[in-house]
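Undergrad: can you look at this prediction? I've put the sequence above it.
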Number of protein chains: 2
Amino acid sequence: MTNGSPGRTERAGRTERPRAGRSGRTGRRGGDSGTREAILDAARKRFAAHGYGGATIRGIAADARVDPALVHHFFGTKERLFAAAVRLPVVPGELISSALAAGAGDPGSSLGEHLVLTALAAWDVAEIRDTFLGLLRSAATSEQALIMLREFVTEAIVGRLSAAAGTADPAQARYRAALVASQVVGLGIARQVLGLEPLAEAGRAELAAAVGPTLDRYLSGDLG
Amino acid sequence: MTNGSPGRTERAGRTERPRAGRSGRTGRRGGDSGTREAILDAARKRFAAHGYGGATIRGIAADARVDPALVHHFFGTKERLFAAAVRLPVVPGELISSALAAGAGDPGSSLGEHLVLTALAAWDVAEIRDTFLGLLRSAATSEQALIMLREFVTEAIVGRLSAAAGTADPAQARYRAALVASQVVGLGIARQVLGLEPLAEAGRAELAAAVGPTLDRYLSGDLG
DNA sequence: GTCTATAATCGGATAGAC
DNA sequence: GTCTATCCGATTATAGAC
């Protein structure tokens, strides 16, 4: 019922795959057919939409127009498929570093605003959003995914941010960075998961102006 | 494996149930044995820990020391059990109203600090925490639970809070209240779900001093 | 009210032909 | 690389005895 594909005749021909970069070097080995990437794409979307437990190999295979057995053929188990699907092509820590650098060199707008804009822009990239959503939804149910998400937030976000905190004490710096993370994650969940209405449709600039100062204060202001 | 109860002999005698209120009026009908409440308790904890999809009727029944068939006998389906389990005994909107009233009458500390302290205190009440966690974890997977959570946040939190926003425009008031909700929810998730370390062990007063001013600014400050 | 079957379904995983 | 067939475990839900 979930897969009411009208026809299901054309399924074998997998020639319509979009060729990636191809920068002079020959793309891949000869025997390849793009199926693996199609499965990964479908998996990312399914994990993002339903979480680890809710996503099924059968459903992912259907989305990728592929036989379920092929998923096992390529990835072995569901766990390994998940691990492969949430491997980000772009390291988010680098985004933060860029935002920190940009914020430092721009006296016109604050560091906090740069961080919010960076986060909002990242949410708009399908692969990043799906990866983070998949991690988030899965962490609700799977202990393994929770650990991955915690490490992700701790290392990539808090780790980088604590360098920008206005404190010499490392413990204080991590505390400040964690406060920033709590507001950024909360904003993302409210907008993207909950769909909290006045927030979900607000513009980037508006949100940056609203919560940027909060992050500035968490990073280097007076905390009471 | 999850349920390595050592013995499982004593299971029938259900006489040790704690009597609730009992305010003059005879508690319940004669045929009662407290099983229903035991099931609800176990269900709340299981839904909080594993979400809707992850929690099983069998597991809930095991926790309640009861036969799985009894769960169906009392609640019919898993969905109806969930609905019954996440029905809060205390309406959280009233907590917010109290915090608003207390904050208004206390010039010593700000309204935002009162709100943070109220939220942190609510997290410490087992039934409230379990209900909210159950809703949260389930919303990650179940569309139905997501709707319930959204209505919960929208009506109980944003609805009440927007009354306290320093704006005449109702749309602006809801926007301000939603910003508050995003920070409060983010803090709760970071602490209770993610277990983000510097935050999870921070004291209530410290957190109130840190994020209280954020809420004050969202409610009635300059947003850019 | 409580429990023992048991039906019906679904999902992950494997073996092996082509 | 791809697909068919199948096994196995887990789960919701029901019927009906006591």
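TA: Now that the structure is in, tell me what you want to look at.

Undergrad: buried residues in stretch A:125-143?
TA: A:128-142 (16 or more other CB atoms under 10 Å in any protein chain shown). Bear in mind the C-beta positions are built from the backbone N, C-alpha and C, glycine included.

Undergrad: need the contact list for A:Val71.
TA: Contact partners of A:Val71, counting by CB atoms under 8 Å, 6 or more residues apart in numbering or on different chains, are A:Ile39, A:Ile57, A:Ile60, A:Ala61, A:Leu81.

Undergrad: who in chain A is up against DNA strand C?
TA: A:55-59, A:68-69, A:72-73, A:76-79 (CB under 7 Å from any atom of the strand).

Undergrad: so which of the contacts of A:Val71 are in helices?
TA: Counted as lying in helices by DSSP state H, out of these, are A:Ile39, A:Ile57, A:Ile60, A:Ala61, A:Leu81.

Undergrad: most widely separated two among those residues?
TA: A:Ala61 and A:Leu81 (10.5 Å; CB to CB).

Undergrad: got CSV for the ones in helices among the contacts of A:Val71, with pLDDT too?
TA: Converted to CSV, the ones in helices among the contacts of A:Val71 look like this (pLDDT from 0 to 100):
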residue, pLDDT
A:Ile39, 98
A:Ile57, 98
A:Ile60, 98
A:Ala61, 98
A:Leu81, 98
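
Undergrad: closest one of the residues of chain A next to DNA strand C to chain B?
TA: A:Ala55 (9.4 Å; CB to the nearest CB).

Undergrad: surely the closest one and A:Ala49 touch.
TA: Yes. With contact defined as CB atoms under 8 Å, A:Ala55 counts as touching A:Ala49 (7.4 Å).

Undergrad: what about the closest residue to A:Arg58 other than its chain neighbours, neighbour count?
TA: With CB to CB, 6 or more residues apart in numbering or on different chains as the criterion, A:Arg58 has its nearest non-adjacent residue at 5.0 Å, and that residue is A:Pro68. Using other CB atoms under 10 Å in any protein chain shown, A:Pro68 has 15 neighbouring residues.

Undergrad: and the gap between A:Ile189 and B:Val193?
TA: 10 Å (CB to CB, to the nearest Å).

Undergrad: buried stuff in the lowest-mean-pLDDT helix or strand in chain A?
TA: None of the helices or strands of chain A scores lower by mean pLDDT, DSSP states H and E than helix A:92-104, at a mean of 87. Judged by neighbour count using 16+ other CB under 10 Å, the buried positions of helix A:92-104 are A:Pro92, A:Gly93, A:Leu95, A:Ile96, A:Ala99, A:Leu100, A:Gly103.

Undergrad: right, and the helix or strand after it?
TA: Following helix A:92-104 in sequence order, the next helix or strand is helix A:111-123 (DSSP states H and E).

Undergrad: would you map the helices across chain A?
TA: A:35-54, A:57-63, A:68-75, A:78-85, A:92-104, A:111-123, A:126-139, A:143-151, A:160-162, A:170-188, A:197-200, A:204-220.

Undergrad: joint contacts of A:Ala61 and A:Leu81?
TA: Counting by CB under 8 Å, 6+ apart, the residues touching both A:Ala61 and A:Leu81 are A:Ile39, A:Val71.

Undergrad: where does the prediction get shaky in chain A?
TA: Residue ranges of chain A with pLDDT under 70: A:1-32, A:89-90.

Undergrad: closest residue of it to chain B?
TA: For chain A, CB to the nearest CB, closest residue to chain B: A:Gly186, 1.8 Å.

Undergrad: correct me, but A:Ala171 touches B:Pro198?
TA: Yes. With contact defined as CB under 8 Å, A:Ala171 reaches B:Pro198; the gap is 7.0 Å.

Undergrad: more neighbours: the two, which one.
TA: Between A:Ala171 and B:Pro198, B:Pro198 has the larger neighbour count (other CB under 10 Å), namely 20 against 10.

Undergrad: now the more buried one, nearest residue through space, not along the chain?
TA: A:Tyr175 (4.2 Å).

Undergrad: quick one, what contacts that neighbour?
TA: A:Tyr175 touches B:Pro198, B:Leu199, B:Ala202, counting by CB under 8 Å, 6+ apart.

Undergrad: and it, how close does it get to DNA strand C?
TA: For A:Tyr175, the distance to DNA strand C equals 39 Å [CB to the nearest atom of the strand, to the nearest Å].

Undergrad: just give me the neighbour total for the residue of chain A closest to chain B.
TA: A:Gly186, neighbours per other CB under 10 Å, totals 23.

Undergrad: hang on, it packs against B:Gly186?
TA: Yes. Counting by CB under 8 Å, A:Gly186 touches B:Gly186, with 1.8 Å between them.

Undergrad: coming back round to it: the least confident helix or strand of chain A to helix A:111-123, inter-axis angle?
TA: 140 degrees (axes from the mean of the first three to the mean of the last three CA atoms, to 10 degrees).

Undergrad: which residues does A:Ser138 contact?
TA: By CB under 8 Å, 6+ apart, the neighbours of A:Ser138 are A:Phe47, A:Gly51, A:Tyr52, A:Gly53, A:Phe82, A:Ala145, A:Leu149, B:Ala140.

Undergrad: so what's the fifth one closest to, chain neighbours aside?
TA: Spelled out, it's A:Phe82. In space, A:Phe82 is closest to A:Tyr52, 5.8 Å off (CB to CB, 6+ apart).
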